[in-house]
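K.L.:
model the following, please.
(2 chains)
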2 protein chains.
Amino acid sequence: MFDEEHSADAVAASFAATPDPRLREILTALVRHAHAFVKDVGLTGEEWAAGIRFLTETGQHCDATRQEFILLSDVLGVSMLVETIGNRSVGGSTESTVEGPFHLVASPPRALGESIAVVADGEPCLVTGSVVDTGGRPVAGARIDVWQADADGFYDVQRPQTVPQQNLRGLFTADGDGRFWFRTIVPRFYPIPTDGPVGELLGATARHPYRAAHIHVEVSAPGVRTLTTHLFVDGSPYLDSDAVFGVKESLVRVFETTDDIALAERYQMPNPFRRVDFPIVVRPEGSSVGSG
Amino acid sequence: MFDEEHSADAVAASFAATPDPRLREILTALVRHAHAFVKDVGLTGEEWAAGIRFLTETGQHCDATRQEFILLSDVLGVSMLVETIGNRSVGGSTESTVEGPFHLVASPPRALGESIAVVADGEPCLVTGSVVDTGGRPVAGARIDVWQADADGFYDVQRPQTVPQQNLRGLFTADGDGRFWFRTIVPRFYPIPTDGPVGELLGATARHPYRAAHIHVEVSAPGVRTLTTHLFVDGSPYLDSDAVFGVKESLVRVFETTDDIALAERYQMPNPFRRVDFPIVVRPEGSSVGSG
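P.N.:
Model prediction:
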């Protein structure tokens, strides 16, 4: 029967007959940590009730275009931890980060060099890069899916009335040397949604809701492990306090101001322009998870 | 910036400016346990996504008469742990247990000796008891609020079409010696609701949904700490595996089969009948939480 000292043992024992051993392992660990948490802080009945209310409201804020529980996981760093454990950098492979909630629509296929900024104003920017594997071999024909916020900090899906869908999104195919390039604008930092329970949590804890400026990049190719990452803008506010803990130092790159008429003409850029290069290293598919 | 080893530190640091020190303490502990849980089991992206779906559905199963997050907390033993920590037995005071979700309507005031079984069939049962404080002094005029399931395992609020509300509920006032007595039927074990995510969890883990048979008892009086507890029926199935871990040994009592014409006449019981006595010890109000 139940007593305070052995509470976690009693509950863990109730899961002993779980047919799936992995589910049993997860639930047993969950129960032990949940009970340890309650005991560590001496959670009161009022605090427990506040927690129940918070979780209930979080669930009730979820719908087809809003996932408040993912947002909660994000601001608690849990999403980023799961992503990092599942995709540890191995053999110099590019680090991953969270996919985020805005990969909602398929990016339109675009030719190399095309602009993804259909209507956005902002500082013109040239992105160049390459995809190689951990053996240094170019990945010819790799698919590079990119999406980003505009110069006001909004994704197209957040402004369905005023911005065409698929603005600032593009699906590119690397050339025979694994190289890719496209035109865009420099993205801006932006806030995660704050009109729900997670926003209340940030308010109550004096945390800001901003994400450092970034371009989402997802790289895939036959035989390689799909990489989900960001290209962060060096100098952006909030690099050190990204609301979802998505920043990794290796992913921050200088978007250089470039004054070069010949280069501008070659890539159809106005002069001067901003420029960033993102060399990407991907792992073979099925390569085992490394240790940090 | 974020790395796997220091993930919890990074997130805990983000809460450092929380104005309310207690909220900061709770969130810091929550983050440390949540991250340790993810690392302990090496939670995968797919498992994380399954968890997000489960929590979302749990929130969306909550409405005015259903609280699926409390049910989740119950089957993980968290409700019982919080209750136990907040109401440790001190100086021989009666142990507490969970209030449960069925104290939804106010119990009707009834005279001592009255039956709470307005329409229920079942084995007639006489409950007698007394309320004293930890100094052994009777608590004259204590209020004893009782509610229970019927002989089929349902509360009145679960059968609004067929059973009058306030069936098997009663609010009694102890006499000058702190004594109380009332008539009822022997309650039956019953399942918690299984038509939601928590039911799926129980199914996936081969756990049954039953609670051991009990009568809910809440005792209050000026100057004493309100006691929320159960009177469990000795011999009931599921005493050792109550779905919400609510059973404490000291709360299990024999409901004796009694064949005593004189006693039956005095309490207006049919003969033979079942009988249980529940001596209750309450703590002074504001008495500090003891250590086990």
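K.L.:
what packs against whichever strand or helix holds A:Ser130?
P.N.:
With secondary structure defined by DSSP states H and E, A:Ser130 is part of strand A:124-133. For strand A:124-133, the contact count by 3 or more Cβ pairs under 8 Å, 6 or more residues apart in numbering or on different chains; DSSP states H and E identifies strand A:143-148, strand A:179-185, strand A:273-282 as packing neighbours. In this view, the C-beta of every residue, glycine as well, is placed from N, C-alpha and C.
K.L.:
give me whichever of the ones you listed is most buried.
P.N.:
strand A:143-148 (a mean of 24; mean count of other Cβ atoms under 10 Å in any protein chain shown).
K.L.:
just the residues contacting the helix or strand following that strand, thanks.
P.N.:
Later in the chain than strand A:143-148, the nearest helix or strand by DSSP H and E is strand A:169-173. Surrounding strand A:169-173, the residues in contact under the criterion Cβ atoms under 8 Å, 6 or more residues apart in numbering or on different chains are A:105-112, A:114, A:116, A:141-147, A:156, A:180, A:182.
K.L.:
switch the cut-off to 6 Å
P.N.:
Contact partners of strand A:169-173, identified using Cβ atoms under 6 Å, 6 or more residues apart in numbering or on different chains, comprise A:107, A:109-110, A:112, A:116, A:141, A:143-147, A:180, A:182.
K.L.:
list the residues that contact A:Asp40.
P.N.:
With Cβ under 6 Å, 6+ apart as the criterion, the residues that contact A:Asp40 are B:Ala29.
K.L.:
whichever residue of the stretch 51-200 of chain A sits closest to chain B: which element?
P.N.:
Of all residues in the stretch 51-200 of chain A, A:Gly59 sits closest to chain B, with a separation of 1.1 Å (Cβ to the nearest Cβ). If you go by DSSP H and E, A:Gly59 is part of helix A:45-60.
K.L.:
and the average pLDDT for that helix is what?
P.N.:
Helix A:45-60 shows a mean pLDDT of 97 in the predicted model.
K.L.:
what about the next helix or strand after it and chain B, any contact?
P.N.:
Heading C-terminal from helix A:45-60, the first helix or strand you meet, by DSSP H and E, is helix A:68-75. Yes: on the criterion Cβ under 6 Å from any Cβ of the partner chain, helix A:68-75 is in touch with chain B at A:69-70.
K.L.:
can you report how many residues lie near the residue nearest to A:Gly176 when sequence neighbours are not counted?
P.N.:
Using Cβ to Cβ, 6 or more residues apart in numbering or on different chains and skipping residues adjacent in sequence, the residue nearest A:Gly176 is A:Ala140, 4.7 Å away. Other residues near A:Ala140 come to 14 when the count uses other Cβ atoms under 10 Å in any protein chain shown.
K.L.:
domain ranges for chain A?
P.N.:
Structural domains annotated on chain A: A:1-43, A:78-282, as defined by automatic domain parsing.
K.L.:
now the angle from the lengthiest helix in chain A to helix B:68-75?
P.N.:
In chain A, assigned by DSSP state H, the helix with the most residues is helix A:21-41. An angle of 90 degrees separates the directions of helix A:21-41 and helix B:68-75 when computed by axes from the mean of the first three to the mean of the last three Cα atoms, to 10 degrees.
K.L.:
angle of helix A:21-41 against helix A:45-60?
P.N.:
Using the same axes, to 10 degrees, the interaxial angle of helix A:21-41 with respect to helix A:45-60 works out to 140 degrees.
K.L.:
would you turn the contacts of strand A:169-173 into JSON lines with pLDDT and distance to chain B?
P.N.:
Shown next, in JSON lines, are the contacts of strand A:169-173 (pLDDT from 0 to 100; distance: Cβ to the nearest Cβ, whole Å):
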{"residue": "A:Ser107", "pLDDT": "94", "distance to chain B": "21"}
{"residue": "A:Pro109", "pLDDT": "97", "distance to chain B": "26"}
{"residue": "A:Arg110", "pLDDT": "97", "distance to chain B": "28"}
{"residue": "A:Leu112", "pLDDT": "98", "distance to chain B": "30"}
{"residue": "A:Ile116", "pLDDT": "96", "distance to chain B": "27"}
{"residue": "A:Gly141", "pLDDT": "97", "distance to chain B": "26"}
{"residue": "A:Arg143", "pLDDT": "98", "distance to chain B": "20"}
{"residue": "A:Ile144", "pLDDT": "98", "distance to chain B": "21"}
{"residue": "A:Asp145", "pLDDT": "98", "distance to chain B": "18"}
{"residue": "A:Val146", "pLDDT": "98", "distance to chain B": "21"}
{"residue": "A:Trp147", "pLDDT": "96", "distance to chain B": "19"}
{"residue": "A:Phe180", "pLDDT": "98", "distance to chain B": "26"}
{"residue": "A:Phe182", "pLDDT": "98", "distance to chain B": "27"}
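K.L.:
for the stretch 1-150 of chain A, which residues are neighbours of chain B?
P.N.:
Residues of the stretch 1-150 of chain A lying close to chain B (Cβ under 6 Å from any Cβ) are A:1-2, A:4, A:7, A:10-11, A:14-15, A:17-18, A:26, A:29, A:31, A:33-35, A:37-38, A:40-41, A:43-45, A:48, A:52, A:55-56, A:59-60, A:62, A:69-70, A:76-78, A:80-82, A:84, A:86.
K.L.:
show me which of these are buried.
P.N.:
Neighbour counting over the residues of the stretch 1-150 of chain A next to chain B (16 or more other Cβ atoms under 10 Å in any protein chain shown) leaves A:1-2, A:7, A:10-11, A:14-15, A:18, A:26, A:29, A:31, A:33-35, A:37-38, A:41, A:43, A:48, A:52, A:55-56, A:59-60, A:62, A:69-70, A:76-78, A:80-82, A:84, A:86 as the buried ones.
K.L.:
in the strand holding A:Ser130, what counts as buried?
P.N.:
Judged by neighbour count using 16+ other Cβ under 10 Å, the buried positions of strand A:124-133 are A:124-127, A:129-133.
K.L.:
columns pLDDT on top of those residues, output as CSV?
P.N.:
Putting the buried residues of strand A:124-133 into CSV (pLDDT from 0 to 100) gives the following:
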residue, pLDDT
A:Pro124, 96
A:Cys125, 97
A:Leu126, 98
A:Val127, 98
A:Gly129, 98
A:Ser130, 98
A:Val131, 98
A:Val132, 98
A:Asp133, 96
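K.L.:
farthest-separated two in the residues you listed?
P.N.:
Within these, two members stand farthest from each other by Cβ to Cβ: A:Pro124 and A:Asp133, at 31.5 Å.
K.L.:
what does the strand holding A:Ser130 contact?
P.N.:
For strand A:124-133, contacts defined as Cβ under 6 Å, 6+ apart pick out A:138-139, A:142, A:174, A:178-186, A:219, A:267, A:269-270, A:273-282.
K.L.:
stretch A:26-42 - what's its average pLDDT?
P.N.:
Taken as a whole, stretch A:26-42 carries a mean pLDDT of 98.
K.L.:
show me what A:Leu231 is bridged to.
P.N.:
A:Leu231 has the following beta-bridge partners by DSSP bridges: A:Ile215.
K.L.:
hmm, A:Ala213 and it touching each other?
P.N.:
No: no contact is recorded between A:Leu231 and A:Ala213 when judged using Cβ atoms under 6 Å, the distance being 9.7 Å.
K.L.:
ok, now which ones touch A:Val78?
P.N.:
Contact partners of A:Val78, counting by Cβ under 6 Å, 6+ apart, are B:Ala34.
K.L.:
try A:Glu46
P.N.:
When contacts are counted by Cβ under 6 Å, 6+ apart, A:Glu46 touches no other residue.
K.L.:
A:Thr44: what's it in contact with?
P.N.:
Applying Cβ under 6 Å, 6+ apart, one finds that A:Thr44 lies in contact with B:Gly86.
K.L.:
for it, phi and psi?
P.N.:
For A:Thr44, the backbone dihedrals (degrees, to the nearest 10) come out as phi -90, psi 170.
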